[in-house]
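Asks: what's the 3D shape of this:
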Amino acid sequence: MKFRIPFRKPKPQVSVVRLSGMIATGRGMNDQSVAPLLEKAFARKPDAVALVINSPGGSPVQSSLIGSRIRRLADEKEIPVYAFVEDVAASGGYWLAAAADEIYVDPSSVTGSIGVISAGFGLHELIERYGIERRVYTAGTSKSQLDPFRPENPEDVERLKGILEDIHAVFKTHITARRGDKLADRDLFTGEIWVGQRAVDDGLADGIGHLVPKMKDVFGDKVRFKVFGQKKGIASRLGLAVVDDAVHSLEERAAFGRFGI
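Replies: This next block holds a predicted model:
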């Protein structure tokens with residue numbers, strides 16, 4: 001049983017939520033897996049919520065869902081949110097960071113990559129070489145667009161570029177709304193990345209800083225931390241998802257590898 005001493009001011013508290021890995025539906029970080037952590041973190045009525053981010057990005061929809069949840073909880077409960085970037089907060093990872101009121105990076109942190117990408121392979125010449133015939137039957141002229149086993153169709157490519165531009169526009173609107181006048185007066189939405197102080201100089205981050213010292217600067221040396229981290233599913237914990245875990249690990253390593261990490 002806890003006893004409170006009358007008139008004694010409670011120590012400041014900061015809820016720390018770790019957001020790590022690729023952002024993806026199913027495997028990886030997504031709104032479904034992160035929602036319970038965020039709900040608990042804000043429910044404790046802390047003085048602030050700190051997001052510790054280490055993500056190369058991923059799904060734009062899941063990035064938007066998580067970012068919107070962060071803002072909704074912060075606004076409803078009137079709690080400030082700070083983001084602390086570890087190795088990387090790029091693409092969707094930076095989308096999450098921008099949901100915070102202030103962003104702090106390490107001198108070697110990678111941030112930015114405000115763009116949208118779609119990648120694949122063209123295999124039609126390969127199957128032709130081995131005498132394989134591709135047979136596809138559809139109802140709807142666009143149902144088989146961008147089929148990797150057929151020659152590239154310029155109309156399909158233009159349609160895909162339009163979709164990517166639409167998603168990019170949503171991304172840019174989010175960053176502009178969150179960072180506002182802090183952003184440098186030049187095009188920051190090319191997919192370029194920044195390291196450490198360069199991100200601060202261009203307004204993508206507010207300063208160089210780490211979680212504990214920065215929170216002590218803001219709330220005093222007696223500030224207390226409660227960490228909320230992502231948990232593996234029961235299958236992974238029991239070693240029953242070995243193949244899935246291995247594939248996801250390779251995909252995640254490849255995603256981080258794009259940024260030299």
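Asks: burial check on Glu152, number of neighbours?
Replies: By other Cβ atoms under 10 Å, 13 other residues sit near Glu152. C-beta here means a position set from N, CA and C on the backbone, and glycine is covered the same way.
Asks: give me the element it is part of.
Replies: Using DSSP states H and E, Glu152 falls within no helix or strand.
Asks: ok, the closest residue in space to it that isn't next to it in sequence to Asp147 distance?
Replies: Excluding its sequence neighbours, the residue lying closest to Glu152 (Cβ to Cβ, 6 or more residues apart in numbering) is Gly122, at 6.2 Å. Using Cβ to Cβ, to the nearest Å, Gly122 is found at 10 Å from Asp147.
Asks: more neighbours, these two?
Replies: For Gly122 versus Asp147, the count of surrounding residues by other Cβ under 10 Å is larger for Asp147: 18 against 13.
Asks: what helix or strand is Arg72 located in?
Replies: Applying DSSP H and E, one finds Arg72 within helix 60-77.
Asks: report the rounded mean pLDDT for that helix.
Replies: Per-residue pLDDT over helix 60-77 has a mean of 94.
Asks: helices and strands around it, which ones?
Replies: Packed against helix 60-77 by the contact rule (3 or more Cβ pairs under 8 Å, 6 or more residues apart in numbering; DSSP states H and E) you find helix 31-43, strand 48-55, helix 92-97, helix 154-179.
Asks: beyond it, next helix or strand please.
Replies: strand 81-90.
Asks: got a list of what the spatially most central residue of the chain touches?
Replies: Taking Cα atoms, centre = their mean as the criterion, Gly93 is the residue nearest the geometric centre of the chain, at 2.6 Å. Taking Cβ atoms under 8 Å, 6 or more residues apart in numbering, we find Gly93 in contact with 19, 23, 53-57, 63.
Asks: TSV please, covering those residues and showing neighbour count and distance to Val110.
Replies: As requested, those are arranged in TSV below (neighbours: other Cβ atoms under 10 Å; distance: Cβ to Cβ, whole Å):
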residue	neighbour count	distance to Val110
Leu19	25	15
Ile23	28	16
Ile53	28	11
Asn54	18	10
Ser55	29	11
Pro56	26	9
Gly57	26	11
Ser63	27	17
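Asks: rewinding a little: distance from the helix holding Arg72 to the middle of the chain?
Replies: How far helix 60-77 lies from its chain's middle: 11 Å, per Cα atoms, centre = their mean, to the nearest Å.
Asks: likewise stretch 212-220?
Replies: 25 Å.
Asks: from Lys161, how far off is Glu152?
Replies: In terms of Cβ to Cβ, Glu152 sits 13 Å off from Lys161.
Asks: give the bridge partners for the nearest residue to Leu211 once chain neighbours are set aside, please.
Replies: Nearest residue to Leu211 in three dimensions, chain neighbours excluded: Phe84, at 4.8 Å (Cβ to Cβ, 6+ apart). As for beta bridges, Phe84 partners with Val52, Tyr104 under DSSP bridges.
Asks: my guess is Phe84 contacts Asn54. True?
Replies: No: at 9.6 Å, Phe84 does not count as touching Asn54 under the criterion of Cβ atoms under 8 Å.
Asks: many thanks, I have nothing further to ask.
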